[in-house]
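Chemist: quick one, structure for this:
(chains A and B)
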Amino acid sequence: MGDEALLELDGLEVTLGGRPVLRGLTGRLDGRVVGLLGPNGAGKTTLLATLLGFYRPSAGTARLLGLDVRERGAEIRARLGYMPETDAFVAGLSAVRFVRRMAELSGLPARAALERAHEVLFWVGLGEARYRSLDTYSLGMKQLAKLAQAIVHGPQVLLLDEPTNGLDPSARQRMLRLIREIAASGVRVVVSSHLLRDVEAVSDQVIVLREGRVATIADLAAEASSDRRFLELETRGGDAAAFLADLAGLGCEVAELANRRAKIVLPEGVESRRLWALAEERGLQLRRLTVARNSLEHLFLKAMEETRAGL
Amino acid sequence: MPVYDRRYRAWSGERAPRPRAAATIARHSLAGIFASRLTLVLFVAACLPFLVFGALIWVAHNLDLLSMLEVTNPDGLRAALEGNLFFWFMVWQSGFAFLLVSFAGPGLVAPDLVHGALPLYLARPIRRRDYVAGKLAALVAMLSAVTWVPGLILVLLQGSLAGDGWFLRHLRLPFAVFVGFWVWILPLALAALAVSAWIRWRPLATAALFGLFVIGGGFGAVINESLDTRWGRLTMFGELVQAIWSQLLGGVEFFGREWPENPLPAPVNWLAIAILCAVALAALHRKIRAHEVVR
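Modeler: Residues are numbered from 1 along each chain as shown, chains lettered A, B, ... in the order given. Got it, this is the predicted structure:
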């Protein structure tokens, strides 16, 4: 975890076009790399845009590095680097001119901005293509150019919106490696994505949004190091709902999946053989019982379930 | 950083606490404008009338040359030049300014909007007004170089050659040239930026600007003719501005008649220009945003 709170949300609400998009977000995030998760339309991009000052909160507050987004927007933006989800470049410019312009707009002197643009383009892997027009770049190259402009001025916090969107596997791995390296240098990072694996690969804390609300905030590092046991099971026949209720009664955390599948966390003192006994009592077959390694997926699905139940 | 060292290193050098965003945007925009060969050629062409008008002023005050040319009434020639020369210089340069804006203006905002670069600008300590001011400054700087700057130099040339307290007797002239050109270039630049923000395809944006000013003028002329009125001039931007110039210069004659003929009342001319500026600003305010909100 980082030294100071990266992000503090206190009843944050944002209304766009008369429609509430963020509904009372509350929580404190102090991870080095924070994953911002949620299904499409959950409010991830709106939250990032609000932190950047693009949208004004209709109620509540948000603080980034202790600075109120309402009152100290310019100060916050001076400390930020932002990589948007969608295409974002100036038509007709080469990568080096584009990144240089962004560096100058962040306050770097013109000469230093040019040097720094070359440096970061080499670092992200676009050194050989830096004089090419951005219009001719592939999707993966455009993502890297967006990352380059976001880090060119040495921000303290990096907001990355779907950084691996549309990338092939090798480009995706490269992007994740770059993010890890940036975080290792001391930059705080917020990664918004709907790809659980990508978020899990780089984050040490996650906030899950669903329909504009906080579904859960979890410390991934702590989850990974805990002694909890994650299992995935699949049933056939019998009363599956009652079986899952029995498991919950045993103290298991249960997240129901589609097609009679479920993910559970066994509490201390409960052995897996107890599940077989319960299944027999309920007259159903356990067709599959495997150790689920993806704890983030479990957290996510559980959060989705709980929020759905609470709605 | 050594080329073999590929670790990420954050920038730790100098950074202005409050970047001069508008100036930076203006500088980059000007570089972009003059990267176009066509705009550069137009700009050079727009500088030529200054030389021609300067030569006219010099000839009018060169008694030896006038006698060689057998000009019998040099005082009359000078008086004629004094009265209308600056008005016609303004008319001539306004045409060049319009052409320059038509070619350079649409390329200013649209490239930032086509591929969503605006959020990258506004994610930095830059306000929307800094962005617009920067783009506007680029256009206005280019237009100033072919309008009021050479205009004032001509006034100074005329004053220095005429001597004998001419400048003090014509203090109204530099004011008229300065204000008159601004009345032309400011709405023109604002309209070009607004069109560039709304129409992202450059040729169409250029056509739209022509449409706004040229077809608007034609439409006004048709209204005037068909309804036997003068209020069609409200859509004739050029006529409105020429009426203001004439007022600023204390009246202009063309072949012994007032020019422009039968103008609208002066406050109406000023109001129409102000409304055009306000509409352009409102269009920019609506379009220059990091994110559009779909209702």
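
Chemist: buried ones in stretch B:171-183, by neighbour count?
Modeler: Buried residues in stretch B:171-183, defined by neighbour count with 16 or more other C-beta atoms under 10 Å in any protein chain shown: B:Leu173, B:Pro174, B:Ala176, B:Val177, B:Phe178, B:Gly180, B:Phe181, B:Val183. C-betas here are computed from N, CA, C, even on glycine.

Chemist: go ahead and confirm the fifth one touches B:Leu152.
Modeler: To tie it back to what came earlier, the one meant is B:Phe178. Yes. Under the criterion of C-beta atoms under 8 Å, B:Phe178 makes contact with B:Leu152 at 6.5 Å.

Chemist: show me the shaky parts of the stretch 51-200 of chain B.
Modeler: Within the stretch 51-200 of chain B, the ranges that satisfy pLDDT under 70 run B:80, B:82-83.

Chemist: actually the stretch 201-311 of chain A, sorry about that
Modeler: Looking at the stretch 201-311 of chain A by pLDDT under 70, you get A:224-228, A:292-295, A:306-311.

Chemist: repeat the analysis, applying 80 as the threshold.
Modeler: A:221-230, A:291-299, A:301-311 (pLDDT under 80).

Chemist: and for the residue in it positioned nearest to chain B, the neighbour number?
Modeler: As assessed by C-beta to the nearest C-beta, chain B sits closest to A:Val202 within the stretch 201-311 of chain A, at 13.8 Å. By the criterion of other C-beta atoms under 10 Å in any protein chain shown, A:Val202 has 25 neighbours.

Chemist: what separation is there between it and A:Val190?
Modeler: 11 Å (C-beta to C-beta, to the nearest Å).

Chemist: re the thing from before, in helices, which of the buried residues of stretch B:171-183 appear?
Modeler: Counting by DSSP state H, the buried residues of stretch B:171-183 place B:Leu173, B:Pro174, B:Ala176, B:Val177, B:Phe178, B:Gly180, B:Phe181, B:Val183 in helices.

Chemist: the first one contacts B:Asn84, doesn't it?
Modeler: This means B:Leu173. No. Under the criterion of C-beta under 8 Å, B:Leu173 makes no contact with B:Asn84, lying 11.8 Å away.

Chemist: who are the neighbours in contact with residue 74?
Modeler: Using chain A. A:Gly53, B:Pro125, B:Arg127 (C-beta atoms under 8 Å, 6 or more residues apart in numbering or on different chains).

Chemist: nope, chain B please
Modeler: B:Ala60, B:Leu63, B:Leu66.

Chemist: next, A:Ser185: phi, psi?
Modeler: phi -80, psi 0 (degrees, to the nearest 10).

Chemist: so it makes contact with B:Ala10?
Modeler: Yes. Assessed by C-beta under 8 Å, A:Ser185 is found in contact with B:Ala10 at 5.9 Å.

Chemist: the two - which one has more neighbours?
Modeler: Shown here are A:Ser185 and B:Ala10; by other C-beta under 10 Å, B:Ala10 has more neighbours (15 against 12).

Chemist: secondary structure element for A:Ser192?
Modeler: Here A:Ser192 sits within strand A:188-193, counting by DSSP states H and E.

Chemist: tell me which helix or strand B:Trp88 sits in.
Modeler: helix B:74-104.

Chemist: what does A:Arg288 give?
Modeler: strand A:285-291.

Chemist: other SSEs contacting that strand?
Modeler: strand A:229-236, helix A:273-282 (3 or more C-beta pairs under 8 Å, 6 or more residues apart in numbering or on different chains; DSSP states H and E).
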